[in-house]
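Novice: Please find the sequence and the predicted model below.
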Amino acid sequence: MSRTPTRLRAVLAYALLLAFTLVFIAPVLFMVVGSLKPDALVLAEAGSLRAFLPDSVNPDNYRAVFERVPFGAYLLSSLIVNGLIVGLGLLVNAFAGYALARLRWWGRGAMLALVLAVLVIPFEAIAIPLFYQLSWLGWRDDWLVQAIPFVANPLAIFLFYSFFLGLPRELEEAARVDGAGVLRTFFLIVLPNAKAAFASVAIVLFLFHWGMYLWPLLMTTSEGVRPLPLGIANFYTLPPLQWGDIMAFGVLMVLPVLILFVVFQRWFVRGVASTGVKG
Amino acid sequence: MADVEFRAVRKAFGEHTVIPGLDLTVHDGELLVLLGPSGCGKSTLLRLLAGLEQATDGEIRIDGRPVDALGPRARNIAMVFQNYALYPHLTVRGNLEFPLRMRGMGRAERERRMLEAARALGLEPLLGKRPAELSGGQRQRVAMGRAIVREPDVFLMDEPLSNLDARLRVQIRAEIGALQRRLGVTTLYVTHDQIEAMTLGDRVAVMRDGVIQQLGRPVELYQRPANLFVAGFLGNPPMNLLEPAFEWRDGARQARLGGTWVRLAGGIPDQARFAGIRPECFRVGASGSSGDGRQDRLAIQGSVDSVEVLGHERIAYCRASEPVVELTDGPGPWRSAEGLLAARLIGSGVLERGESVTLTAPAAEIHWFDEDGNAIPTDLG
Ligand SMILES: Nc1ncnc2c1ncn2[C@@H]1O[C@H](COP(=O)(O)OP(=O)(O)OP(=O)(O)O)[C@@H](O)[C@H]1O
Ligand SMILES: [Mg+2]
């Protein structure tokens, strides 16, 4: 075969990829650029390509975010709630996945089936009953109540379960013979060799819940415990409607996700590299 | 130090019985090799002793104490796994110290024991490295070190050499033997390599389908195999097996092997059905060289099919006129086929492919087996 068709194909493929990338990146770019513009320009230029070109770097919108709403409080709430979900979630789901993958107990098969079944139930379906349950307990309007329902996560359990199944069983058996019990085997041998799984689950849990809106809306009334998504919704309703300010809020809200991703990406690589177990 | 006793131990995984009922005593300080084909239950037996599996039935004793209710930790056993199972996130030092740490040993004592084990195995320069940075042989040594560091009552080794290349295997085999003799720790060693079994074992137990076929010193097993399975499993190439015709002639039961009717001084036992001859018992002579009417030698005519030259010795495979029975791993009856007879020849000499030869062997060297493949003891055999 001649070389031209393959090269042509590559060019086409890249063109296609580029088009897709543009489609996905355009709104983000629009947001970032918009957040740096005076409010009047955001709408005026929205119809032209200039919407993607910053003409000046103008921090006024960012200042406005902090002045017009308690952005710091929203951010703190979001960080605390997600910190709880990720922190507790890693522990609880890892335990659950390990018990399903390695321990022998009555009803294990049924429990695994149940976890998989729960995977397909959308949260919206149980939000209202859960809301009544917790109202009946009188528990609402704090950080913990926003986090607890999401700590046990079937997808996370399943990710851990399959990862642990793939770990060489001899490692744990060697630890048992060397004198470690179940808990020490888990914490001293399994956990250090499961960094990749912990990193992926942390990212999954964080991404799932960073943009959470319905549940905090149901459960909170005080601004002091409300997370960022409620904050930005609130921001819309504050007259005057300033698109530049809202873009700035959006940028600030996305930033922690990016930071987390960059940090954990290194873990990803390291985790995968260190699973070269066998001889 | 301790002896180990299996009493009527049975193990089934669900419906599938792996070990139907096994009695075995490993003496204090002995190295006992479990030898058998893949899937015969060797690893299962080790895992039962280590406490990684629960016996379905029966009792296991270490030093006279029943251990069935004890977890792995309480049994004070050390195990070397086939893939070593080194902890990848710990350094060699960390790996060696792990069992000591788990016993709650103090720092100074730990350090002392760890260094002692490292020195015994030449691991001192490697203490700071992780398993991924080690060669196969080094990993094997670390696994050994992790086993000896705790000074356990019993060592279990599950095919510890199978991941090494041939040269290293010979070297480390010798090291393991020397180490075990020096420490005098009761050892159960699993392999499916007969050379390992013969060279390392004080005694060898040949297993098949969860049943011990024969237990004894390596020479005993080789010289007096209890049945066709053991005869075929030990020795490379395995024992040649023939199915002669038997007849009463001149007042004695005789067997027709090749062109000769063979008789034994003590008589051929009545139940004898198969005749086994080790490859090294054959002499290869020119065709027709040995009809000389002697009844205490057998002489089989054949043609050379192929010759394997192994340096100081050669293995000649000869196509015989005689029906040769192939030893298979499966249950009997053993497939009768016009197979090849193997003869081991020392020294040089020319043998051409297709050359006609006569294979001779003293009748006294023949192993006799009955219908079911069990060996029949003879005075001379
Ligand atoms: N956990 C288990 N569940 C079900 N069957 C098992 C289990 N462990 C082992 N077996 C079965 O038990 C039999 C013996 O296995 P085992 O590992 O003891 O053999 P082995 O002699 O060590 O073989 P190899 O030389 O291949 O290691 C096999 O048929 C295997 O399928
Ligand atoms: Mg095995």
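Specialist: Okay, I see it. Residues are numbered from 1 along each chain as shown, chains lettered A, B, ... in the order given. Ligands and ions are numbered 1, 2, ... in the order given.
Novice: For A:Phe249, which residues are in contact?
Specialist: A:65, A:69, A:71, A:231-232, A:235 (Cβ atoms under 8 Å, 6 or more residues apart in numbering or on different chains). From N, CA and C alone the C-beta is placed, and that goes for glycine too.
Novice: Of those residues, which is the most crowded?
Specialist: The member of the contacts of A:Phe249 surrounded by the most neighbours (other Cβ atoms under 10 Å in any protein chain shown) is A:Val65, with 26 neighbours in all.
Novice: where exactly do the helices run in the stretch 201-350 of chain B?
Specialist: Per DSSP state H, counting those that start in this stretch, the stretch 201-350 of chain B carries helices over the ranges B:218-223, B:228-233.
Novice: how about those helices, which one is nearest A:Asp142?
Specialist: Nearest of these to A:Asp142, taken as Cβ to Cβ: helix B:228-233 at 71.4 Å.
Novice: Number of residues surrounding B:Val204?
Specialist: 29.
Novice: A:Val23 falls within a strand, correct?
Specialist: No: according to DSSP: H, G, I helix; E, B strand; the rest coil, A:Val23 belongs to no strand; its state is helix.
Novice: Could I get the CA-only coordinates of the host helix or strand of A:Ala199 as CSV?
Specialist: Element membership for A:Ala199 (DSSP states H and E) is helix A:195-210. Taking Å, rounded to 0.1, in the frame of the first residue of the first chain, the C-alpha atoms of helix A:195-210 are listed here in CSV:
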residue,chain,number,x,y,z
LYS,A,195,-2.8,2.3,46.1
ALA,A,196,-4.1,2.4,42.6
ALA,A,197,-7.5,1.2,43.7
PHE,A,198,-7.6,3.7,46.5
ALA,A,199,-6.7,6.5,44.1
SER,A,200,-9.4,5.6,41.6
VAL,A,201,-12.1,5.2,44.2
ALA,A,202,-11.1,8.5,45.7
ILE,A,203,-11.5,10.2,42.4
VAL,A,204,-14.8,8.5,41.6
LEU,A,205,-16.3,9.4,45.0
PHE,A,206,-15.0,13.0,44.8
LEU,A,207,-16.3,13.6,41.2
PHE,A,208,-19.6,12.0,42.0
HIS,A,209,-20.3,14.3,44.9
TRP,A,210,-18.6,17.6,44.2
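Novice: Mind listing what's buried along the following helix or strand past that helix?
Specialist: Where DSSP H and E defines the elements, the next helix or strand beyond helix A:195-210 is helix A:214-219. Across helix A:214-219, burial judged by 16 or more other Cβ atoms under 10 Å in any protein chain shown covers A:215-216, A:218-219.
Novice: For helix A:214-219, give the mean pLDDT please.
Specialist: Averaging pLDDT along helix A:214-219 yields 88.
Novice: next one: stretch A:137-149
Specialist: So the average pLDDT for stretch A:137-149 ends up being 87.
Novice: Give me the residues contacting it.
Specialist: A:77, A:80-82, A:84-85, A:88, A:130, A:134, A:212, A:215-216, A:219-222, A:225, A:227.
Novice: now that stretch: how far from the chain's centre is it?
Specialist: Between the centre of stretch A:137-149 and the centre of its chain there are 20 Å (Cα atoms, centre = their mean, to the nearest Å).
Novice: before we move on, back to that, which of the contacts of stretch A:137-149 fall in strands?
Specialist: With DSSP state E as the criterion, strands contain none of those.
Novice: Restricted to buried residues, select the residues you listed in ChimeraX.
Specialist: To isolate the buried ones among those in ChimeraX, judged by 16+ other Cβ under 10 Å, type:
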select /A:77,80,81,82,84,85,88,134,212,215,216,219,220,225,227
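Novice: So which of the contacts of stretch A:137-149 are in helices?
Specialist: Secondary structure from DSSP state H places A:77, A:80-82, A:84-85, A:88, A:130, A:134, A:215-216, A:219 of the contacts of stretch A:137-149 in helices.
Novice: Closest one of the buried residues of helix A:214-219 to B:Pro218?
Specialist: Of the buried residues of helix A:214-219, the one sitting nearest to B:Pro218 (Cβ to Cβ) turns out to be A:Trp215, at 71.6 Å.
Novice: how about the nearest residue to A:Val115, chain neighbours excluded?
Specialist: The shortest distance from A:Val115 to any non-neighbouring residue, by Cβ to Cβ, 6 or more residues apart in numbering or on different chains, is to A:Pro154 (4.9 Å).
Novice: number of nearby residues for that neighbour?
Specialist: Counted with other Cβ under 10 Å, A:Pro154 comes out at 18.
Novice: pLDDT value on it, please?
Specialist: At A:Pro154, pLDDT is 93.
Novice: how much space is there between it and B:Asp270?
Specialist: From A:Pro154 over to B:Asp270 the distance is 72 Å, taken as Cβ to Cβ, to the nearest Å.
Novice: separation between the residue nearest to A:Asp39 when sequence neighbours are not counted and B:Gly216?
Specialist: Leaving aside its sequence neighbours, A:Asp39 sits nearest to A:Gly244 (Cβ to Cβ, 6+ apart; 4.1 Å). Noted for A:Gly244: a distance of 91 Å to B:Gly216, by Cβ to Cβ.
Novice: repeat for A:Val42
Specialist: From A:Val42 to B:Gly216 the distance is 92 Å (Cβ to Cβ).
Novice: So the two - more neighbours on which side?
Specialist: A:Val42 (22 against 18).
Novice: The one residue in the stretch 101-250 of chain B that gets nearest to ligand 1: neighbouring residues, count only.
Specialist: Among the residues of the stretch 101-250 of chain B, B:His192 lies closest to ligand 1, at 5.1 Å counting by Cβ to the nearest ligand atom. By other Cβ under 10 Å, 18 other residues sit near B:His192.
Novice: can you list the domain ranges for chain A.
Specialist: A:3-62, A:70-273 (automatic domain parsing).
Novice: between those domains, which one is nearest to ligand 1?
Specialist: domain A:70-273 (9.7 Å).
Novice: does that closest one come close to ligand 1?
Specialist: No: judged by Cβ under 6 Å from any ligand atom, domain A:70-273 and ligand 1 are separated, with a smallest distance of 9.7 Å.
Novice: Can you name the residues in contact with the longest helix that chain B contains?
Specialist: Longest helix in chain B, counting residues (DSSP H): helix B:166-183. Outside helix B:166-183, the residues that touch it by Cβ under 8 Å, 6+ apart are B:31, B:120-121, B:136-137, B:140-141, B:144, B:148, B:155, B:157, B:160-161, B:164, B:187, B:196, B:199-200.
Novice: so which of those also contact chain A?
Specialist: With Cβ under 8 Å from any Cβ of the partner chain as the criterion, the contacts of helix B:166-183 include B:136, B:140 near chain A.
Novice: from the chain's centre, how far out does stretch A:196-207 sit?
Specialist: 8 Å.
Novice: sorry, that was for stretch A:97-110
Specialist: That offset, for stretch A:97-110, works out to 27 Å (Cα atoms, centre = their mean).
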